[in-house]
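Q: prediction below, plus the sequence it came from.
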Amino acid sequence: MNLSHIEHLGIAVKSIEESLPYYEGVLGLKCYNIEEVADQKVKTAFLRVGQTKIELLEATSPDSTIAKFIEKRGEGIHHIAFAVPNTDEALQEVSEKGVQLIDKHSRKGAEGLNIGFLHPKSTLGVLTELCDNRDVK
């Protein structure tokens, strides 16, 4: 598989509004995009550190994956996302190597990326996302 870089680190937060003062005021980062991904029941905020992004994830529903994560583990790092040339091909490749998938095919995520998740049971406990920007203009 051809990983080009860490695309982003996903961090689960209770409130983006309450979290931004730390990232912007203390760390000096700048939030450049806030959007809701309705089908994933999440609101996201993106900040850039060099080539890598930080994605803050706020639940928009109590039954969302992020709400359940925070309830079980508290706020903190939720996932790591790697950039690949083609998410569907990468998902197929890791599946053939015996990795359990959450997504068998890519779906649309924040910022229009094609995304697919690998199950943490197969990735040493780390929720791993593969993503590409083939369709983003």
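A: Perfect, thanks for sending it.

Q: quick one: the helix-or-strand element of the chain with minimal mean pLDDT to chain centroid distance?
A: When each helix and strand of the chain is scored by mean pLDDT, DSSP states H and E, strand 107-108 comes last, with a mean of 94. In terms of C-alpha atoms, centre = their mean, to the nearest Å, the centre of strand 107-108 is found 12 Å from the chain centre.

Q: quick one: strands adjacent to it?
A: Within its sheet, strand 107-108 is paired with strand 114-118 (antiparallel), according to DSSP bridges.

Q: need the CA coordinates for the strand it pairs with. CSV is fine.
A: Provided in CSV are the C-alpha atoms of strand 114-118 (Å, rounded to 0.1, in the frame of the first residue of the first chain):
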residue,chain,number,x,y,z
ASN,A,114,-13.3,9.3,0.1
ILE,A,115,-12.9,7.5,3.4
GLY,A,116,-12.9,4.0,4.7
PHE,A,117,-12.2,2.7,8.2
LEU,A,118,-10.3,-0.4,9.4
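
Q: how about low-confidence regions in the protein?
A: Residue ranges of the chain with pLDDT under 70: 136-137.

Q: now do the strands in it.
A: Counting by DSSP state E, the chain has strands at residues 5-12, 31-37, 42-49, 52-59, 76-83, 107-108, 114-118, 128-132.

Q: output these in CSV, with distance to residue 91 appended to each entry.
A: Bear in mind the C-beta positions are built from the backbone N, C-alpha and C, glycine included. CSV is the format used below for those (distance: least, C-beta to C-beta, whole Å):
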stretch, distance to residue 91
strand 5-12, 15
strand 31-37, 19
strand 42-49, 21
strand 52-59, 20
strand 76-83, 12
strand 107-108, 11
strand 114-118, 5
strand 128-132, 6
